[in-house]
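> Quick one: sequence plus predicted model below, questions after.
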Amino acid sequence: DVKVTQSSRYLVKRTGEKVFLECVQDMDHENMFWYRQDPGLGLRLIYFSYDVKMKEKGDIPEGYSVSREKKERFSLILESASTNQTSMYLCASSLLDRANTQYFGPGTRLTVL
Amino acid sequence: GENVEQHPSTLSVQEGDSAVIKCTYSDSASNYFPWYKQELGKGPQLIIDIRSNVGEKKDQRIAVTLNKTAKHFSLHITETQPEDSAVYFCAASRSQGGSEKLVFGKGMKLTVNP
């Protein structure tokens, strides 16, 4: 079974803090994704990566950056957290030739005070 | 770009009844349609998918149908059980692979009452 793990289930940070969300997958998937999930808005793509050191902007990249130094690990960075970034963050991974058959982690619920 | 609409937003059924979740899409070039189930406290999990060259696909108690002309697709769950209670997301993309993004609907919360 594909396993996607996220470093924290719950996180509370203060406005202005730098926040790192970590995601690790164990199935040698080329693609990795970061989404945020908000009530009534569904899943929105923040960034994705199809290879080490490669990244592409999704639909809502503003206020976020990403890092992929190793194939199995994809990090989401909030340079200066704001209250409107309070959300559920979901990481996903997939094979290169099946990019849209995605496997999700359990999510990190981030609260920015 | 693609827009996926999902309705209803909530649905409550009695155990043993059937449930149908409907989605519409706007991009006629979309040809891959996965469905995800998200249980409380967990990430979404792929439960079934369909490509546009297939009109219907079944897997035990769940089935998905696709009407390309009308640009809508539906998830059917028969003999619902309490463990079917979850949020269900439909999604659409121009391809299963490659660089085409997956666009999700807003989700539907299904409650199955014992």
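Here it is on my side, so go on. Numbering: from 1, shown residues only, chains lettered A, B, ... in the order given.

> show me where pLDDT drops low in the chain?
Went with chain A since none was named. Filtered on pLDDT under 70, chain A yields the residue ranges A:1-2.

> Switch to chain B, please.
Across chain B, the ranges flagged by pLDDT under 70 are B:98-99.

> try it again with 80
Within chain B, the stretches with pLDDT under 80 are B:54, B:95-100.

> For it, which residue gets nearest to chain A?
B:G43 (3.4 Å; C-beta to the nearest C-beta). (Glycine included, C-beta is placed from N, CA and C.)

> Secondary structure of that residue: a helix, I assume?
No: secondary structure assignment (DSSP: H, G, I helix; E, B strand; the rest coil) places B:G43 in coil, not in a helix.

> Next up, the contacts around the closest residue to it other than its chain neighbours.
Closest residue to B:G43 apart from its sequence neighbours, by C-beta to C-beta, 6 or more residues apart in numbering or on different chains: A:F104 at 3.4 Å. Shown in contact with A:F104 (C-beta atoms under 8 Å, 6 or more residues apart in numbering or on different chains): A:V4, A:L90, A:C91, A:A92, B:Y36, B:G43, B:P44, B:Q45.

> do that again at 10 Å, thanks
Residues in contact with A:F104 (C-beta atoms under 10 Å, 6 or more residues apart in numbering or on different chains) are A:2, A:4, A:6, A:23, A:33, A:35, A:37, A:43, A:90-93, B:36, B:38, B:42-46.

> can you check A:V19 too?
By C-beta under 10 Å, 6+ apart, A:V19 lies in contact with A:8, A:11, A:13, A:64, A:76-81, A:85, A:89, A:108, A:110, A:112.

> all strands for chain B, in order.
For chain B, applying DSSP state E gives strands covering B:4-7, B:10-14, B:19-25, B:32-38, B:45-51, B:56-59, B:62-67, B:72-77, B:86-92, B:103-104, B:108-113.

> So for A:A99, which of those strands sits nearest?
Comparing the strands of chain B by their distance to A:A99 (C-beta to C-beta), the top pick is strand B:32-38, with 9.8 Å.

> quick one: is that closest one near chain A?
Yes: counting by C-beta under 10 Å from any C-beta of the partner chain, chain A has neighbours in strand B:32-38: B:Y32, B:F33, B:P34, B:Y36, B:Q38.

> Max pairwise distance over the contacts of A:V19: which two?
A:S8 and A:S80 (18.9 Å).
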